[in-house]
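Q: here's a sequence, model it:
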Amino acid sequence: MLHRGQSSSAGALTCLPSSRSVRMRRVASSQTRASVLLLLGASLQLVAGCTRPTPPEVGSEQHPGTDTGPKVTLTAYINVSSGCQEATVSFIKWLEEDCKGDLAVQFIDFGDAGEGTQAWKAAGHNCMALEINGNSTVTWGSGEEERTVTFQYPAGFTWTHEDLEAAIAAARRGELRPGDAEKAQTVGLLQAKVSGQSIRVGDGETETGQLLINGAVVVEVTRNRGDLTPAHRVTAAADALTQTLQNPFKPSALSVGEVEDGWAVSADDKPVLVATQADAEAADTDAEKLANQWAAAIREGLVKAASPSGPTETP
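A: Numbers count the residues shown, from 1 in each chain. As a prediction, this is how the structure comes out:
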């Protein structure tokens, strides 16, 4: 039997916490306050719009710095303003759409007489050019299937739309590589028909010789050159160009140089047509400028002849 003093002492023992339990309660209380603070902080972050990044799911892969953008870039330096390359512009736009995000296209209009012209010159070009991943001359395939193409000048001179499509496909597979311009294939201009004709205007006494490419007049001559009449001159020019076009031809093969009686337009260093002083006076200019005008007109005529009218069928 317990004495009252003992009973009272036992009651005290059961009601007063031990020092250990006091420490445990203090720890629990601290943890509770920490949890409250964390919840409050998270709430403030949500209100302020600051959210913590969601960690990747188990099994997922993340590669910091991996480029998820287009695999291929195509920079098209084209005189878009002129409209003469609309078929190629349309084809490139179709390619970009067909590649479903793998191809990024940038058009540089060097005919805008502004930023496009400056960018074109800064890139070192003097004619239409396409750069695939920064290269105008590219190679793909191997062995007998290897092909090297320079994407300069309009389609039909050194490349075709089919070449461009194949090169982009190779680039998407990671199989396109920079090419050697010396090994680049070219395209023949079998569809370009050059001819000369003579017309008489005014009183019927003045003869004008006309040089035509695919039926379009590109140059007119109204003066004799020695014993050669305007008709004879343009006919000889047509024969010289036709002979040149039997082989793959580049517009850069046209040049202008001084000769004994004027300035000659030559193709592959073979004279085609000479601008004499008499021709220059008739055109109210000088012979060198006239020869350059003729060369530019012939080049443009060949470009139009080589340019496809458009994809035979838009995929």
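
Q: now do stretch 161-176: everything it contacts.
A: When contacts are defined by C-beta atoms under 8 Å, 6 or more residues apart in numbering, stretch 161-176 is touched by residues 71-72, 74, 88, 91-92, 95, 99, 102-103, 130, 132-133, 138-141, 147, 149, 151, 155, 308, 311. In short, each C-beta sits where N, CA and C put it, glycine included.

Q: give the buried subset of those as a ChimeraX selection command.
A: Applied in ChimeraX, the following selects the buried portion of these according to 16 or more other C-beta atoms under 10 Å:
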select :71,72,74,88,91,92,95,99,103,130,132,138,139,140,147,149,151,155
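
Q: shouldn't residue 131 be within a strand?
A: Yes - with DSSP: H, G, I helix; E, B strand; the rest coil as the criterion, residue 131 is part of a strand.

Q: that one and residue 151 touch, don't they?
A: Yes - using C-beta atoms under 8 Å, residue 131 makes contact with residue 151 at a distance of 7.4 Å.

Q: average pLDDT for stretch 134-147?
A: Stretch 134-147 shows a mean pLDDT of 94.

Q: from the chain's centroid, how far away is it?
A: Remark: stretch 134-147 is offset 17 Å from the chain centroid, using C-alpha atoms, centre = their mean, to the nearest Å.

Q: measure residue 184 to residue 136 for me?
A: 9 Å (C-beta to C-beta, to the nearest Å).

Q: of the two, which one has the most company?
A: residue 136 (23 against 20; other C-beta atoms under 10 Å).

Q: quick one: contacts for that one?
A: With C-beta under 8 Å, 6+ apart, residue 136 has these contacts: 129-130, 150-152.

Q: kindly check the end-to-end length of stretch 132-150 for me.
A: Taking C-alpha to C-alpha, to the nearest Å, the span from the opening residue of stretch 132-150 to its closing residue is 10 Å.

Q: i'd like the first residue to be 2 from this point on
A: Sure thing, new numbering starts at 2, so read that last one as stretch 133-151.

Q: re earlier: which residues do residue 185 and residue 137 both contact?
A: residue 151.

Q: residue 130 bridge partners, please.
A: Residues in a beta bridge with residue 130, per DSSP bridges, are residue 78, residue 153.

Q: spit out the contact partners of it.
A: The contact partners of residue 130, by C-beta under 8 Å, 6+ apart, come to 78, 124, 137, 152-154.

Q: kindly report the same for residue 256.
A: 266-268, 270, 296 are the contacts of residue 256 under C-beta under 8 Å, 6+ apart.

Q: what's the ChimeraX syntax to select whichever of the residues you listed are buried?
A: Command for ChimeraX, covering only those of the contacts of residue 256 found buried under the criterion 16+ other C-beta under 10 Å:
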select :266,267,268,296
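
Q: return the item of the contacts of residue 256 having minimum pLDDT.
A: Note: of these, the lowest pLDDT belongs to residue 270, at 87.

Q: ranges for the strands of the stretch 202-316 of the chain?
A: 207-214, 217-222, 255-260, 263-268, 271-276 (DSSP state E, counting those that start in this stretch).

Q: and if you look at the stretch 52-201 of the chain?
A: Using DSSP E, counting those that start in this stretch, strands in the stretch 52-201 of the chain cover 73-79, 104-110, 130-133, 138-141, 148-151, 178-179, 195-202.

Q: do you know the pLDDT at the closest residue to residue 136 other than its chain neighbours?
A: Sequence neighbours aside, residue 179 is the residue nearest to residue 136 in space, at 4.8 Å (criterion: C-beta to C-beta, 6 or more residues apart in numbering). For residue 179, the model assigns a pLDDT of 96.

Q: ditto for residue 264
A: Residue 264 carries a pLDDT value of 96.

Q: so who does it touch?
A: With contact taken as C-beta under 8 Å, 6+ apart, residue 264 is in contact with 257-258, 275-276, 288-289, 291-293.

Q: how about these in JSON lines, adding pLDDT?
A: Shown next, in JSON lines, are the contacts of residue 264 (pLDDT from 0 to 100):
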{"residue": "257", "pLDDT": "93"}
{"residue": "258", "pLDDT": "94"}
{"residue": "275", "pLDDT": "97"}
{"residue": "276", "pLDDT": "97"}
{"residue": "288", "pLDDT": "95"}
{"residue": "289", "pLDDT": "94"}
{"residue": "291", "pLDDT": "95"}
{"residue": "292", "pLDDT": "94"}
{"residue": "293", "pLDDT": "92"}
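
Q: among these, who's most crowded?
A: In those, the most neighbours by other C-beta under 10 Å go to residue 276, 30 neighbours.

Q: mind putting the strands of the stretch 52-201 of the chain into TSV with distance to residue 282?
A: Supplementary listing: the strands of the stretch 52-201 of the chain in TSV, determined by distance: least, C-beta to C-beta, whole Å:
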stretch	distance to residue 282
strand 73-79	37
strand 104-110	37
strand 130-133	38
strand 138-141	44
strand 148-151	41
strand 178-179	50
strand 195-202	18
